[in-house]
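Peer 1: what's the 3D shape of this:
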Amino acid sequence: MMRRRFFYFLILVIFHNSWLYAQNSDIDHWETVVQADQDWKYLPGISEPPSNWKDSTFNDTNWLTGPGGIGYADGDDLTEIDPVVSLYMRKAFNLADTSSIVSMVFHMDYDDGFVAYLNGFEIARSNVVGSPPSHLTTSNTPREATMYIGGFPDEYQLSHTFIRQTLKEGDNILAIQVHNTNISSSDMSAIPFLTLGTSDTAWTFSSPPLWFTPPMDYNVSELPIISINTLGQAIIDDPRIVAEMSVIDNGLGQLNNLSDPPTGYDGRIIIEIKGESAQMFPKKSYSFETQDSIGENNNVSLLGLPEENDWILYAPYSDKTLIKNVLSFKLTRDMGRYASRTKYCELFINNSYMGLYVLMEKIKRDSSRVDISNLKQQDIEGDQLTGGYIVRIDKVDGNDYPPWVAYPELRLPNEAPVILQFFDPDGDELAPEQQQYIKDYIRQFEISLSGKEFLSQSGGYHQYIDRDALVDYVIVNELSKNIDAYIFSMYLYKDRDSKGGKLIMGPVWDFNIAYGNVDYNDLAKGIPGWMYEEDYRIYWIRRMMKDWVVKNRMGCRWHELRGNQLSDEKIFGYIDSLVTSLEIPIIKNFKRWPVLGQYVWPNSYIGNNHSQEINYLKNWLGDRLNWMDNNISANCVTGLSDPELQNLSVYPNPFKERIIIAGERDVLGNSIIRIYNTTGLLLKQITPMDRASRDQEMYWDGTDHAGVEMPKGIYIVRITSGNIPVWIGKVIKE
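Peer 2: Predicted coordinates for the structure are as follows:
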């Protein structure tokens with residue numbers, strides 16, 4: 001089966017590569033027939049122009065003349081005008097012979113919306129509705145131009161059929177109407193280009209702009225295609241807009257074409273821009289919900305993922321490997337923890353190619369996602385009240401339900417407060433009793449964690465949080481040196497007490513600028529060191545990592561994973577398989593978003609091509625794996641056991657003055673504690689006669705049988721009860 005799949009893929013790659021470039025094989029060169037800085041005829045939209053203003057026969061003699069761009073503010077206009085709601089522009093160009101024109105592409109940089117026409121036929125539109133929009137029509141939302149800050153204009157390809165039916169030998173007209181968000185808007189931009197590919201060897205027009213690269217036929221893909229029609233609206237941060245979405249996935253070994261009928265979902269969605277700092281990038285990520293025709297939740301399977309209605313379309317941009325989130329989530333799932341499932345696809349919005357995207361599951365309570373109880377608003381007492389919560393630690397904006405501070409009076413000295421948010425359910429979906437319950441539970445966790453006896457068996461923090469889940473969470477974030485670890489995009493959840501009831505760290509999230517590719521933090525960029533040790537990150541992790549049980553489990557878990565799920569072979573094999581399967585979509589993505597060889601915040605490394613970006617990731621990751629191998633203590637030799645499993649608590653570990661062994665009376669009642677050095681020499685024996693005043697505790701004060709204080713170092717503690725071994729483990733004297 002694997003050989004057959006590889007054969008299908010090989011044939012597909014050979015065919016697709018030949019198809020990808022066949023369309024340009026007849027093109028001798030590209031010429032830009034309309035440049036933004038040429039003289040244009042223009043008319044501020046103070047009144048409605050004649051209905052035929054966009055036709056080649058219209059007489060524009062009385063219109064104003066000036067070079068583009070046309071608009072005001074931002075410093076990207078050669079012709080400045082007074083603020084207006086709309087602007088009309090026309091540019092004539094003459095073609096002596098249309099038979100040699102093989103391809104044509106229109107580019108537009110704009111603020112805030114526009115409609116473009118070629119000889120009266122619409123060729124491109126964004127962020128404005130109306131057929132055509134009137135001179136008083138405002139754009140749907142504000143939208144900034146990008147070229148003046150180093151970005152690129154939007155690209156719209158004209159089909160070969162359209163070119164043949166629309167272009168004329170002789171005079172042709174490119175007409176554009178630009179629409180502002182309102183008359184008081186601070187800026188307006190209109191910067192258009194029209195470029196053709198010709199089979200003629202002779203030059204008639206000018207060379208394309210320096211940023212121009214020949215277009216590809218993006219409409220065909222071996223990946224699934226997701227196509228979104230915004231119905232003339234712009235997608236914004238908030239609120240979500242109603243749109244239509246279709247999925248085209250013809251199956252293994254089959255190409256998908258934007259013009260194919262939908263094979264998967266074909267219906268209504270509501271969609272908005274997603275992210276915080278990533279919103280500054282021109283390639284946007286989106287959050288959307290599938291709905292039925294009346295706007296109710298519509299649980300569906302997308303690209304084979306389990307049915308749900310809440311989804312993410314993630315846009316890798318500053319991550320030029322295009323794989324860091326997908327890799328991190330895969331490693332987490334391989335470890336047995338839930339992380340968002342992912343599927344690569346190519347996205348079109350209003351028939352415009354947007355690049356390589358990742359369809360991801362949104363974090364939420366669901367039997368196929370975070371599988372915890374479904375907390376209802378009426379669940380305000382008993383066991384039902386105790387579970388079904390997901391909370392988040394992250395940046396907070398005005399659209400979020402008010403967060404709460406996790407009791408700053410309980411934090412350790414010089415530690416920043418922990419700010420939490422209700423995530424699922426959202427705060428406005430929780431009853432007051434439910435809000436108070438989860439706040440109180442986390443308060444008790446912090447009381448135990450911050451106290452002097454936070455490691456004790458009876459009152460320690462571990463009764464509130466799952467330490468095995470903590471270990472896996474730390475491993476994934478430390479392996480990648482995630483810059484956001486333990487401070488942003490941090491989730492934890494709690495099920496009902498009857499189902500375990502402890503806090504679980506996770507799911508993991510947001511690794512787009514992990515793996516050393518960040519230029520503002522030396523610790524995150526370099527190979528050595530632990531991210532949890534940075535002072536400004538929440539103190540919970542740093543505090544729990546002082547627990548010898550956690551460190552012991554982390555050492556054993558790390559070496560277990562390195563032998564299988566996190567082996568070099570598994571990790572690098574998966575990276576190579578991703579790159580191979582995405583070969584052509586990667587080319588198309590960087591054609592659409594030409595950021596290779598350029599700095600994109602916060603890159604610490606800038607590769608000239610995708611292969612260099614992947615090699616940097618693999619080299620960095622190999623060094624990081626090696627460092628962790630050498631810096632995680634593994635106390636999982638035969639005979640060492642976990643005190644928690646024996647209802648014991650051995651703390652503090654490391655210790656300075658004394659170490660306490662606490663447990664139930666029936667465990668310690670007949671116990672003898674023996675202390676050995678690492679050579680096996682017996683240093684001291686503690687019997688029940690030496691028990692502390694509380695009969696549930698015994699302790700070792702760091703001295704030998706003669707009362708001589710032992711030096712700093714590692715010691716072995718062996719506890720037996722009636723000649724039966726109860727626990728053996730290592731302790732550290734500081």
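
Peer 1: Excluding covalently adjacent residues, which one is nearest to Y353?
Peer 2: Nearest residue to Y353 in three dimensions, chain neighbours excluded: Y218, at 3.6 Å (Cβ to Cβ, 6 or more residues apart in numbering). (C-beta placed from N, C-alpha, C; glycine too.)

Peer 1: ok, that neighbour touching Q157?
Peer 2: Yes - at 7.3 Å, Y218 and Q157 qualify as touching, with contact defined as Cβ atoms under 8 Å.

Peer 1: Can I take it that S259 is in a strand?
Peer 2: No - using DSSP: H, G, I helix; E, B strand; the rest coil, the assignment for S259 is coil, not a strand.

Peer 1: out of Y218 and Q157, which sits in the busier spot?
Peer 2: Taking other Cβ atoms under 10 Å, Y218 and Q157 do not tie; Y218 has more neighbours (23 against 20).

Peer 1: SS state for the more buried one?
Peer 2: Recorded secondary structure, Y218: coil (three-state DSSP).

Peer 1: dump the residue contacts of it.
Peer 2: The contact partners of Y218, taken as Cβ atoms under 8 Å, 6 or more residues apart in numbering, are Q157, L258, E346, F348, Y353, K588, R592.

Peer 1: tell me the contacts of the first one?
Peer 2: Contacts of Q157 were listed using Cβ under 8 Å, 6+ apart, and they are S103, M104, V105, F106, P215, D217, Y218.

Peer 1: Got phi/psi on it?
Peer 2: Backbone torsions of Q157, given as degrees, to the nearest 10, read phi -90, psi 140.

Peer 1: Identify the bridge partners of it.
Peer 2: V105 (DSSP bridges).

Peer 1: pLDDT at it, what is it?
Peer 2: On the pLDDT scale, Q157 is placed at 86.

Peer 1: cool, and the fifth one?
Peer 2: According to the prediction, Y353 has pLDDT 90.

Peer 1: distance of it from L596?
Peer 2: 17 Å (Cβ to Cβ, to the nearest Å).

Peer 1: Please identify which of those two sits among more neighbours.
Peer 2: It is Y353, of Y353 and L596, that has more neighbours when counted by other Cβ under 10 Å, with 24 against 17.

Peer 1: Quick one: classify the more buried one as helix, strand or coil.
Peer 2: Per three-state DSSP, Y353 ends up strand.

Peer 1: Quick check: it touching P585?
Peer 2: No - counting by Cβ under 8 Å, Y353 sits too far from P585 to count as a contact (10.7 Å).

Peer 1: what do the two both touch?
Peer 2: What both Y353 and P585 touch, as defined by Cβ under 8 Å, 6+ apart, is the set E346.

Peer 1: helices and strands of the chain: which one bottoms out on pLDDT?
Peer 2: Lowest mean confidence among the helices and strands of the chain (mean pLDDT, DSSP states H and E): helix 2-22, at a mean of 41.

Peer 1: so what's the residue most central in space within the chain up against?
Peer 2: What sits nearest the mean C-alpha location of the chain, by Cα atoms, centre = their mean, is D510, with 4.1 Å. By Cβ under 8 Å, 6+ apart, the residues touching D510 are N325, N482, D484, F488, S489.

Peer 1: go on, P208?
Peer 2: P208 neighbours (Cβ under 8 Å, 6+ apart): W30, E31, T32, F193, T195.

Peer 1: Look at the first one and tell me its secondary structure.
Peer 2: The one in question is W30. strand.

Peer 1: Over to the fourth one?
Peer 2: At F193, secondary structure determined by three-state DSSP is strand.

Peer 1: Of all the residues in stretch 213-229, which ones are buried?
Peer 2: Within stretch 213-229, the residues that qualify as buried are 214-228, counting by 16 or more other Cβ atoms under 10 Å.

Peer 1: which stretches of the stretch 201-350 of the chain have low pLDDT?
Peer 2: Within the stretch 201-350 of the chain, no stretch has pLDDT under 70.

Peer 1: Run me through the strand neighbours of the one helix or strand I673 maps to, direction for each.
Peer 2: Assigned by DSSP states H and E, I673 belongs to strand 671-676. Partners of strand 671-676 in the sheet, by DSSP bridges, are strand 682-686 (antiparallel), strand 713-721 (antiparallel).

Peer 1: picking that back up, so which of the buried residues of stretch 213-229 comes closest to M147?
Peer 2: Compare each of these with M147 using Cβ to Cβ and the shortest gap goes to P215, at 17.8 Å.

Peer 1: How about the contacts made by that closest one?
Peer 2: P215 sits next to S103, V105, E155, Q157, K591 when contact means Cβ under 8 Å, 6+ apart.

Peer 1: and the contacts of Q157 as a markdown table, adding distance to S649?
Peer 2: Listed next are the contacts of Q157 as a markdown table, based on distance: Cβ to Cβ, whole Å:
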| residue | distance to S649 |
| --- | --- |
| S103 | 73 |
| M104 | 75 |
| V105 | 69 |
| F106 | 71 |
| P215 | 67 |
| D217 | 66 |
| Y218 | 61 |
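
Peer 1: Domains of the chain: list them as residue ranges, please.
Peer 2: What automatic domain parsing lists as the domains of the chain is 1-23+216-361+567-632, 29-197, 367-560, 643-733.

Peer 1: Looking at these, which is nearest to T204?
Peer 2: For T204, the closest of the domains of the chain is domain 29-197, at 6.4 Å, according to Cβ to Cβ.

Peer 1: Name all residues that make contact with the closest residue to N351 other than its chain neighbours.
Peer 2: Residue nearest to N351 in three dimensions, not counting chain neighbours: L258, with 7.0 Å by Cβ to Cβ, 6+ apart. Residues in contact with L258, defined by Cβ under 8 Å, 6+ apart, are Y218, N219, V220, I225, S227, I248, F348, N351.

Peer 1: Same check on A175?
Peer 2: Shown in contact with A175 (Cβ under 8 Å, 6+ apart): W53, K54, D55, Y88, M89, R90, K91, A116, Y117, L118, G120.

Peer 1: same check, this time on V396
Peer 2: P403, I419, Q421.

Peer 1: need the strands for the stretch 501-650 of the chain, in chain order.
Peer 2: Under the criterion DSSP state E, counting those that start in this stretch, the stretch 501-650 of the chain contains strands at 503-505, 648-651.

Peer 1: which other helices and strands contact the first one?
Peer 2: Here strand 503-505 touches helix 432-450, helix 467-480, strand 490-494, going by 3 or more Cβ pairs under 8 Å, 6 or more residues apart in numbering; DSSP states H and E.

Peer 1: Please enumerate residues in contact with it?
Peer 2: Applying Cβ under 8 Å, 6+ apart, the contact partners of strand 503-505 are 441-442, 445, 464-466, 469-470, 473-474, 491-495.

Peer 1: re earlier: top of the contacts of D510 by number of neighbours, please.
Peer 2: N482 (27 neighbours).

Peer 1: Surely that one touches N512?
Peer 2: No - N482 lies out of contact with N512 (Cβ under 8 Å); the separation is 9.6 Å.

Peer 1: quick one: contacts for the closest residue to S186 other than its chain neighbours?
Peer 2: Nearest non-adjacent residue to S186, counting by Cβ to Cβ, 6+ apart: A73, 5.8 Å away. A73 makes contacts with S186, D187, M188, as judged by Cβ under 8 Å, 6+ apart.

Peer 1: So for the last one, what's the nearest residue that isn't a sequence neighbour?
Peer 2: Okay, so that is M188. Leaving aside its sequence neighbours, M188 sits nearest to G71 (Cβ to Cβ, 6+ apart; 3.8 Å).

Peer 1: So which of the contacts of V396 belong to strands?
Peer 2: Under the assignment DSSP state E, the contacts of V396 contribute I419, Q421 to strands.

Peer 1: Counting neighbours, which of the contacts of V396 comes out on top?
Peer 2: Within the contacts of V396, most neighbours by other Cβ under 10 Å means Q421, with 19 neighbours.

Peer 1: and it, bridged to which residues?
Peer 2: Going by DSSP bridges, Q421 is paired in beta bridges with R392.

Peer 1: cool, and G170?
Peer 2: Beta-bridge partners of G170, counted by DSSP bridges, are L95.
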